[in-house]
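1. With the sequence up front, the predicted model follows.
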Amino acid sequence: MPCDQAPVIRDRALSDLLSLRVGRVLALAVLAGQLAACSGDVVRSLASDAGYGPKVVAAPGFVTETRSKERPDFMPVGVDAPKRPVRAKSVTGQKALEAELEGARGRNEARGRAALSAGQGGAATLKPAPVPPQ
């Protein structure tokens with residue numbers, strides 16, 4: 001091999017080695033980024049499948065027998081609430097409801113005043129309790 005070709009071959013070998021290392025580092029960085037972007041459940045399940053993490057223990061028989069097979073009353077996390085079948089009231093419907101509630105409040109206040117005055121009138125006829133002997 002002539003002496004003038006040796007630096008070219010050496011430089012090519014270094015560049016190939018460097019490109020392999022850069023490629024591996026980039027692949028690891030992409031993999032780490034994807035794992036970091038995943039939810040904790042995916043990473044946790046991968047770790048538990050690999051043998052790390054807590055052991056999965058089946059629920060005891062009395063627990064599985066007493067739990068209801070129906071859907072629970074609560075809404076699971078991450079699930080949107082279903083769309084309501086009833087639409088919002090129109091402006092006129094809101095005004096009518098507001099007027100109805102104002103009327104109900106007026107009637108309740110009048111009943112409260114009547115009960116207060118009846119209680120005060122009845123209290124005037126009562127005599128105080130006697131003082132207990134010492």
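-> Cool, got the structure.
2. okay, now Gly93: neighbour count?
-> Counted with other Cβ atoms under 10 Å, residues neighbouring Gly93 total 10. Quick note: C-beta positions are derived from backbone N, CA and C, even for glycine.
3. Could you measure from it over to Gly103?
-> 16 Å (Cβ to Cβ, to the nearest Å).
4. Please save the CA atoms from stretch 44-53 in PDB.
-> C-alpha atoms of stretch 44-53 as PDB (Å, rounded to 0.1, in the frame of the first residue of the first chain):
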ATOM      1  CA  ARG A  44     -44.500   0.500  34.500                       C
ATOM      2  CA  SER A  45     -46.000  -2.400  32.600                       C
ATOM      3  CA  LEU A  46     -42.700  -2.800  30.700                       C
ATOM      4  CA  ALA A  47     -40.800  -2.800  33.900                       C
ATOM      5  CA  SER A  48     -43.100  -5.300  35.600                       C
ATOM      6  CA  ASP A  49     -42.900  -7.600  32.500                       C
ATOM      7  CA  ALA A  50     -39.100  -7.500  32.800                       C
ATOM      8  CA  GLY A  51     -39.300  -8.600  36.400                       C
ATOM      9  CA  TYR A  52     -39.000  -5.200  38.100                       C
ATOM     10  CA  GLY A  53     -41.600  -3.600  40.300                       C
END
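5. got the buried residues for that stretch?
-> Under the neighbour-count criterion of 16 or more other Cβ atoms under 10 Å, stretch 44-53 has nothing buried.
6. Contacts made by that stretch with the rest, please.
-> Stretch 44-53 has contacts (Cβ atoms under 8 Å, 6 or more residues apart in numbering) with Pro54, Val56.
7. That stretch: how far from the chain's middle?
-> Computed by Cα atoms, centre = their mean, to the nearest Å, the chain-centroid distance of stretch 44-53 equals 25 Å.
8. Stretch 109-126 too?
-> Between the centre of stretch 109-126 and the centre of its host chain there is 50 Å, according to Cα atoms, centre = their mean.
9. Can you dump the C-alpha atoms of it in PDB for me?
-> Coordinates of each C-alpha in stretch 109-126 appear next as PDB, following Å, rounded to 0.1, in the frame of the first residue of the first chain:
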ATOM      1  CA  GLU A 109     -89.900  35.800  53.100                       C
ATOM      2  CA  ALA A 110     -93.600  36.800  53.700                       C
ATOM      3  CA  ARG A 111     -94.200  33.400  55.500                       C
ATOM      4  CA  GLY A 112     -91.000  34.000  57.600                       C
ATOM      5  CA  ARG A 113     -92.200  37.400  58.700                       C
ATOM      6  CA  ALA A 114     -95.700  36.000  59.500                       C
ATOM      7  CA  ALA A 115     -94.100  33.300  61.600                       C
ATOM      8  CA  LEU A 116     -91.900  35.800  63.400                       C
ATOM      9  CA  SER A 117     -94.700  38.000  64.300                       C
ATOM     10  CA  ALA A 118     -96.900  35.100  65.500                       C
ATOM     11  CA  GLY A 119     -94.000  33.900  67.700                       C
ATOM     12  CA  GLN A 120     -93.500  37.400  69.100                       C
ATOM     13  CA  GLY A 121     -97.200  37.800  69.900                       C
ATOM     14  CA  GLY A 122     -97.400  34.400  71.600                       C
ATOM     15  CA  ALA A 123     -94.300  35.100  73.600                       C
ATOM     16  CA  ALA A 124     -95.900  38.300  75.100                       C
ATOM     17  CA  THR A 125     -98.500  36.200  76.900                       C
ATOM     18  CA  LEU A 126     -96.000  33.800  78.400                       C
END
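10. Right, I'll leave it there.
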